[in-house]
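*Asks:* Provided below for reference: sequence and predicted model.
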Amino acid sequence: MKTNAIFSIFLILIVASIGFFTSGCDEGYSSQTSVPVETGHEGHNHAPGEHGKAAPAVEPGHEGHDHGPGEHGLVSDEHETEELDWCGEHFVPESACTKCNPALIAQFKESGDWCAGHDVPESQCRPCNPGLQFPQEMILQERELEEAAHAVEVSLFFRPNASVCATNDALIQFASAQTVSRCGISTVQTRSALLETAIEAPAEVVFDESKTTVITSTVPGLVSRWMVSPGDVVSAGEPLAKVQSPEVARLQATLLAAHASYTAEKNELMRSEKLRANSLISDSEFERQASRSEQAKSEFQSAHGLLLAAGVAQSDIEELLNTGTISNQFILRASGAGVVVDRIAQIGELLDAGRAFAVLADPSAMWIEARLSEEQIRQVSPGQMLTFATDGRGQARVGGEIIWVSRFLDQHSRTGTVRARVIDPYHGLHAGEFGRASIIGREDRSIVLVDKDAVQWEGCCNVVFVKETIDRYRPRKVEIIDGEGPYYQVVNGLNAGEEVVVDGSFLLKTELKKSSIGAGCCGLEPTS
């Protein structure tokens, strides 16, 4: 009895296993053949009973289509693509794709699986079967989700388009031309242009060094009083600070002594010249006096130059010569016009010779210095245009012209400096501002310019709506990069001269979203 019971259980398990595998095979077959939908068949002339017939199992070649290896599906591996049996170009099984292999059309028509209205097999016709989905699509979507979960992507430009887009080339049909007018739909014609490339890099605003003055002194000095503040506009010769320096008193004394000696020798030379004219002295005696006079003059000019280098202005030196008053205090003056950018010396601080007291600059003259990588700097040359946006100004940009490209790289960061002159007279920049520079270049490649308002992010792709007739519009997936002014550059997906929707493009976008509220003002008819 025990043996019979065990044998009965074993038979039951075998029968259950056979039933499980049989049902699995049936289920897998039914998922490959679409269930016919007997509604929405306007516009094609297939006969009743032609829906729902399975596509013939054919293993054709790929002649007659121009996609290359690895372009079918989302998987780059050739064996995985073949295993999926998927045509990523037309979103149907590769072995049954009549677009890639027109030789299959006759077989589908003979089997009665053909939609004459849309010129595709009925089992692949998405307008006739809106809920049609192949098992390969689910596999591809799962792989995309897995790859997205593990991928870390940082983009400074635009989100990439999805490889599989259900709404690409769908057809939006308005009820009438009057409906289009009431919805405020307007279009513009696209035009071609040369592709512009942009190199982006971190950058900083600095003063134009050719118009920047550093106020220094060749003698040790101590600031006893500042007479200007940072931000003050000063003119040449205007007082900046009172400085005390014992060395200046010594230089003043040297100057007075040299001036007295030079004056005496110069007067003696004038007398010697009169005596020689009357033949009262020899020529040699006159020449010796002329030499002593030149020596005294040189000593006076040397002392004069040392005072100027110390920071004493010419007007103050002339006053010293007139009064003969020696002091260890002098006025430090601006050597040129500009804005006081910085007061470096602190009151009461004794600065060594050569140390900077203050910095003056021309606020209208600015440079933008960008740090480019080794690869980027090879693509840049003087004369190219540059745009700069600071971190605190959002999308506001300032233009510049590159005037210098570094010929050496930093040994640690391996970057080089590119310097541009700001050409916008009303830039409003401040030295020390950080931001990003974009260097514009042109390539010998034609692209299409499209108005930025015409491009919409549909949820998985950037799309524009191309006008076919006054009441019919088709969404088109496009690859875009940034462009100048109000235009994007379309590198793929659009031809010059096509009309695209600008005003009302967002309205058409809502018609593509399955979650749109209400019936809408137009109909959406996806195509295969």
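*Replies:* Nice, thanks for sending it over.
*Asks:* least confident secondary structure element in this structure?
*Replies:* Each helix and strand of the chain was given a mean pLDDT (mean pLDDT, DSSP states H and E); the minimum falls on helix 2-32 at a mean of 42.
*Asks:* assign the closest residue to residue 382 other than its chain neighbours to helix, strand or coil.
*Replies:* Among residues not flanking residue 382 along the chain, residue 402 sits closest, at 5.3 Å (Cβ to Cβ, 6 or more residues apart in numbering). For glycine as for every other residue, the C-beta is placed from the backbone atoms N, C-alpha and C. Assigned by DSSP: H, G, I helix; E, B strand; the rest coil, the conformation of residue 402 is strand.
*Asks:* distance of residue 439 from residue 378?
*Replies:* Relative to residue 378, residue 439 is positioned 12 Å away (criterion: Cβ to Cβ, to the nearest Å).
*Asks:* quick one, which of these two is more surrounded?
*Replies:* Neighbours per residue, other Cβ atoms under 10 Å: of residue 439 and residue 378, the larger number sits with residue 439, 26 against 11.
*Asks:* and the helices in the stretch 151-300 of the chain?
*Replies:* 177-182, 246-277, 283-310 (DSSP state H, counting those that start in this stretch).
*Asks:* residue 397 is nearest to which of those?
*Replies:* Shortest separation from residue 397 across the helices of the stretch 151-300 of the chain is recorded for helix 177-182, at 36.3 Å, computed as Cβ to Cβ.
*Asks:* can you lay out the helices of the stretch 151-300 of the chain as a markdown table showing mean pLDDT?
*Replies:* Conversion of these to a markdown table gives the following (pLDDT from 0 to 100):
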| stretch | mean pLDDT |
| --- | --- |
| helix 177-182 | 83 |
| helix 246-277 | 92 |
| helix 283-310 | 93 |
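*Asks:* quick one: mean pLDDT for stretch 216-230?
*Replies:* Predicted confidence along stretch 216-230 averages 92 (mean pLDDT).
*Asks:* how long is it from one end to the other?
*Replies:* Across stretch 216-230, the terminal residues are separated by 16 Å (Cα to Cα, to the nearest Å).
*Asks:* which residues does residue 416 bridge with?
*Replies:* Residue 416 has these beta-bridge partners by DSSP bridges: residue 372.
*Asks:* thinking it is in contact with residue 409, fair?
*Replies:* Yes. Counting by Cβ atoms under 8 Å, a contact exists between residue 416 and residue 409, whose distance comes to 4.9 Å.
*Asks:* so what sits against both of the two?
*Replies:* With contacts defined as Cβ atoms under 8 Å, 6 or more residues apart in numbering, the residues shared by residue 416 and residue 409 are 374, 377.
*Asks:* neighbour-wise, which of the two wins?
*Replies:* Using other Cβ under 10 Å as the criterion, residue 416 and residue 409 rank with residue 416 on top: 20 against 15.
*Asks:* tell me the pLDDT at that one?
*Replies:* Residue 416 is assigned a predicted lDDT (pLDDT) of 92.
*Asks:* mind checking how far it is from residue 376?
*Replies:* In this view, residue 416 and residue 376 are 9 Å apart by Cβ to Cβ.
*Asks:* would you map the helices across the stretch 301-450 of the chain?
*Replies:* Assigned by DSSP H, counting those that start in this stretch, the stretch 301-450 of the chain shows helices spanning 314-323, 374-377.
*Asks:* number of nearby residues for residue 185?
*Replies:* There are 24 residues near residue 185, going by other Cβ under 10 Å.
*Asks:* any idea how far the nearest residue in space to it that is not next to it in sequence lies from residue 219?
*Replies:* The shortest distance from residue 185 to any non-neighbouring residue, by Cβ to Cβ, 6+ apart, is to residue 504 (4.0 Å). In this structure, residue 504 and residue 219 are separated by 75 Å, where distance is defined by Cβ to Cβ.
*Asks:* next one: residue 503
*Replies:* If you measure residue 503 against residue 219 using Cβ to Cβ, the figure is 72 Å.
*Asks:* who has more neighbours, these two?
*Replies:* Taking residue 503 and residue 219 together and counting by other Cβ under 10 Å, residue 219 has the greater number of neighbours (22 against 15).
*Asks:* which residues does the nearest residue to residue 496 once chain neighbours are set aside contact?
*Replies:* Closest residue to residue 496 apart from its sequence neighbours, by Cβ to Cβ, 6+ apart: residue 192 at 3.8 Å. When contacts are counted by Cβ under 8 Å, 6+ apart, residue 192 is found next to 446, 447, 448, 449, 496.
*Asks:* surely the third one and residue 189 touch.
*Replies:* Pointing back at residue 448 there. No. Counting by Cβ under 8 Å, residue 448 stays clear of residue 189, with 10.5 Å between them.
*Asks:* shared neighbours of the two, anything?
*Replies:* Shared contacts of residue 448 and residue 189 (Cβ under 8 Å, 6+ apart): none.
*Asks:* those two - which one has more neighbours?
*Replies:* Neighbours of residue 448 and residue 189, each counted by other Cβ under 10 Å, are more numerous for residue 448; the result is 25 against 10.
*Asks:* retrieve the pLDDT associated with the more buried one.
*Replies:* According to the per-residue confidence, residue 448 scores 82 in pLDDT.
*Asks:* mind listing what the residue nearest to it when sequence neighbours are not counted touches?
*Replies:* If you skip the residues right next to it in sequence, residue 448 has residue 490 as its closest partner in space, 4.3 Å away by Cβ to Cβ, 6+ apart. Residue 490 sits next to 190, 447, 448, 449, 450, 464, 478, 479, 480 when contact means Cβ under 8 Å, 6+ apart.
*Asks:* go with 10 Å
*Replies:* For residue 490, the set of contacting residues under the criterion of Cβ atoms under 10 Å, 6 or more residues apart in numbering consists of 190, 192, 447-450, 454-455, 462, 464, 476, 478-481, 483, 496, 500.
*Asks:* any idea which element it lies in?
*Replies:* Using DSSP states H and E, residue 490 maps to strand 487-492.
*Asks:* okay, now residue 216: neighbour count?
*Replies:* For residue 216, the tally of surrounding residues (other Cβ under 10 Å) stands at 19.
*Asks:* distance check, it against residue 353.
*Replies:* Note on residue 216: its distance to residue 353, by Cβ to Cβ, is 9 Å.
*Asks:* name the residues contacting each of those two.
*Replies:* Counting by Cβ under 10 Å, 6+ apart, the shared contacts of residue 216 and residue 353 are 309, 310.
*Asks:* what's the residue of the chain most remote from its centre in contact with, if anything?
*Replies:* The outermost residue of the chain, judged against the average C-alpha position, is residue 280 (86.4 Å), by Cα atoms, centre = their mean. Counting by Cβ under 10 Å, 6+ apart, residue 280 touches 272, 274.
*Asks:* if I look at residue 110, how far off is residue 452?
*Replies:* Here the distance between residue 110 and residue 452 works out to 51 Å (Cβ to Cβ).
*Asks:* on that earlier part again, beta-bridge partners for the residue nearest to residue 496, please?
*Replies:* The partner residues for residue 192, given DSSP bridges, come to residue 448.
*Asks:* do the same with the one 10 residues further on
*Replies:* Assessed by DSSP bridges, residue 202 has beta-bridge partners residue 436.
*Asks:* now the residue farthest from the centre of the chain, what are its backbone angles?
*Replies:* Backbone torsions for residue 280, taken as degrees, to the nearest 10, come to phi -90, psi -20.
*Asks:* pLDDT score assigned to it?
*Replies:* With respect to pLDDT, residue 280 has a value of 88.
*Asks:* any idea how far it is from residue 116?
*Replies:* Here the distance between residue 280 and residue 116 works out to 133 Å (Cβ to Cβ).
*Asks:* what's the answer for residue 228, then?
*Replies:* Distance of residue 228 to residue 116, computed by Cβ to Cβ: 89 Å.
*Asks:* of the two, who's got more company?
*Replies:* Legend: neighbour count by other Cβ under 10 Å for residue 228 and residue 116, higher for residue 228 (18 against 14).
*Asks:* for the stretch 101-250 of the chain, what are the low-confidence residue spans?
*Replies:* In the predicted model, the stretch 101-250 of the chain carries pLDDT under 70 at residues 130-131, 144-159, 163-169, 194-197.
*Asks:* meant to ask about the stretch 401-528 of the chain, not that
*Replies:* Low-confidence regions of the stretch 401-528 of the chain, defined here as pLDDT under 70, cover residues 441-445, 483-485, 512-528.
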